[in-house]
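Q: Just to be clear, the model below is a prediction. Sequence and coordinates:
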Amino acid sequence: MKLGLNLGYWQRNADDATDAVLAAERLGYDSVWTAEAYGSDAFTPLAWYGARTSRIKLGTSVVQLSARTPVATAMTAMTLDHLTGGRLLLGVGASGPQVVEGWYGRPFAKPLARTREYVDIMRQVWRREAPVTSDGPHYPLPLPGELGKPLKLITHPLRPDIPVYLGAEGPKNVALAAEIGQGWLPLFAFPSKIEEMYGAALADRGPDFEIAAMVMVVISDDVRSALDGVKMMLTLYIGGMGAKHRNFHADIIGRMGYAEAAEHIQALYLAGRRDEAFKAIPDELADGISLVGPPGRIKERLELWHKSPVTSLLVMGPRDEDSLRTVRDLVLS
């Protein structure tokens, strides 16, 4: 199993994680990942860390489709990949209607079709086999009319096949990742339930297909406090990260077997009763998607991940070198 460090969103100058990234590289971590929602972008911090490292792979988890046109994402990815010696892992995702329509002012409809079209255009850009064209309804190129013409990328990419990972939660989107992507980035993964939930969707994945699961890690002798930290995160995602009638995070928790709990948590959160929503998160759920407690307990829980189809653990939480070393030793030993 490979090991990555997921830094999440960059928030402020004090959130410069260069020391953690350098430590992760020294310790043999395979990758480091950044994210975006409606604050910092994913590419800028990744370029910052890429300029200070030489080996560790650089992943976006994830770049939102509606934030940029396909060719804009392809250009940025090509540039960053070139400057860092071919280390980019490009994670992309449709996000959700709350962000897509509320922040970017773009329609959310048909996310799977948009994703397929988006990825196809990016690959056309990188391959430079011909001027880029697309007759799809979402990103027509060139725009119908008399002024536009098909164009070819001026710069030759370092790699014409930059790996594309999809951030996906629904079974159809996961199946799309297995069909057109080099990897899948699950936000919440319950290792013992992945096959049950997504076995059919992943059936046609290739032998080198990566499943890079994000997992919150808290090394602590106080298991109760560590679990509460995971529950705080789940409270926000289940309760508030999505529209009332379309919250993909709540949906995935439902597919894990906690549908009634997810509905109750969201209702409490949206009613302003956030303390009650937090208390309604089942401990079993928080424990199942995370790795918390003293090292011995985490080692024991890791067995479930090693038995799952996950190929990379992208750990969220540890930043100091001692903790990163402990995680490294637990995961890779």
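A: Looks like it came in fine. Residues are numbered from 1 along each chain as shown.

Q: Could I get the buried residue list for stretch 151-167?
A: By 16 or more other C-beta atoms under 10 Å, the buried positions in stretch 151-167 come out as 153, 157-158, 162-167. Placement of C-beta: from N, CA and C, glycine included.

Q: So what would you say the end-to-end distance of that stretch is?
A: Terminal residues of stretch 151-167 lie 29 Å apart, using C-alpha to C-alpha, to the nearest Å.

Q: Just the mean pLDDT for that stretch, thanks.
A: Looking at stretch 151-167 alone, the average pLDDT works out to 98.

Q: which residues are contacting stretch 144-157?
A: Around stretch 144-157, the neighbours that count as contacts under C-beta atoms under 8 Å, 6 or more residues apart in numbering are 74-75, 78-79, 81-82, 125-126, 128, 130-133, 141-142.

Q: where exactly do the strands run in the protein?
A: 2-6, 31-34, 57-60, 63-64, 88-93, 164-166, 183-184, 210-219, 290-293, 312-316 (DSSP state E).

Q: Pop out the phi and psi values for R68.
A: Taking degrees, to the nearest 10, you get phi -150, psi 150 for the backbone angles of R68.

Q: And the residue nearest the centre of this protein?
A: For the chain, the residue nearest the mean C-alpha position is S61 (3.4 Å; C-alpha atoms, centre = their mean).

Q: Figure out which of the strands of the chain is closest to P282.
A: For P282, the closest of the strands of the chain is strand 290-293, at 12.7 Å, according to C-beta to C-beta.

Q: coming back round to it: and P107, which of the strands of the chain is closest to it?
A: Of all the strands of the chain, strand 63-64 sits nearest to P107, with 14.0 Å by C-beta to C-beta.

Q: Correct me if wrong: D287 contacts L227.
A: Yes: contact criterion C-beta atoms under 8 Å: D287 and L227 qualify, at 6.2 Å.

Q: ok, back up a step: show me which of the contacts of stretch 144-157 is closest to E210.
A: Closest to E210, out of all of the contacts of stretch 144-157 and judged by C-beta to C-beta, is D81, at 16.9 Å.

Q: The closest one: how many residues sit nearby?
A: The tally of other residues near D81 (other C-beta atoms under 10 Å) stands at 22.

Q: And it, how far from A178?
A: 23 Å (C-beta to C-beta, to the nearest Å).

Q: Which pLDDT does the model give the residue lying closest to D16 once chain neighbours are set aside?
A: Spatial nearest neighbour of D16, excluding adjacent residues (C-beta to C-beta, 6 or more residues apart in numbering): W48 at 7.8 Å. Predicted confidence (pLDDT) at W48: the value is 97.

Q: ok so, going back, so for E101, which of the strands of the chain sits nearest?
A: When the strands of the chain are compared by C-beta to C-beta, strand 63-64 sits nearest E101, at 12.2 Å.

Q: Tell me which strands that closest one pairs with, and in which orientation.
A: strand 88-93 (parallel) (DSSP bridges).

Q: circling back: ok, now which ones touch the residue nearest to the residue nearest to the centre of the chain when sequence neighbours are not counted?
A: Of all residues not flanking S61 in the chain, W33 sits nearest, at 4.2 Å (C-beta to C-beta, 6+ apart). Going by C-beta under 8 Å, 6+ apart, W33 touches 4-7, 58-61, 89, 91, 314.

Q: just A226 next, same as before
A: A226 is in contact with 218, 220, 292-293, counting by C-beta under 8 Å, 6+ apart.

Q: again, only this time at 6 Å
A: By C-beta atoms under 6 Å, 6 or more residues apart in numbering, the contact set of A226 is 218, 220, 292.

Q: shaky segments in the stretch 101-250 of the chain?
A: Scanning the stretch 101-250 of the chain for pLDDT under 70 picks out the ranges 242-246.

Q: tell me the helices in it, going along the chain?
A: 111-127, 171-180, 194-198, 223-240, 248-253 (DSSP state H, counting those that start in this stretch).

Q: Does anything pack onto the last one? Which helices or strands?
A: Think helix 248-253. Contacts defined by 3 or more C-beta pairs under 6 Å, 6 or more residues apart in numbering; DSSP states H and E place helix 248-253 against helix 223-240, helix 259-270.

Q: so what secondary structure elements neighbour the shortest one?
A: With contacts defined as 3+ C-beta pairs under 6 Å, 6+ apart, helix 259-270 has these neighbours: helix 223-240, helix 248-253, helix 274-279.

Q: From V99, how far off is M1?
A: 31 Å.

Q: from the contacts of stretch 144-157, which single one is nearest F190?
A: Distances from F190 to these, taken by C-beta to C-beta, are shortest for D81, at 32.8 Å.

Q: which residue packs closest to R55, ignoring adjacent ones?
A: Using C-beta to C-beta, 6+ apart, the nearest residue to R55 is E25, at 5.8 Å.

Q: shouldn't the one you found be in contact with T53?
A: Yes: E25 is within contact range of T53, at 5.1 Å (criterion: C-beta atoms under 6 Å).

Q: For E101, which non-adjacent residue is spatially closest?
A: Leaving aside its sequence neighbours, E101 sits nearest to F108 (C-beta to C-beta, 6+ apart; 5.5 Å).
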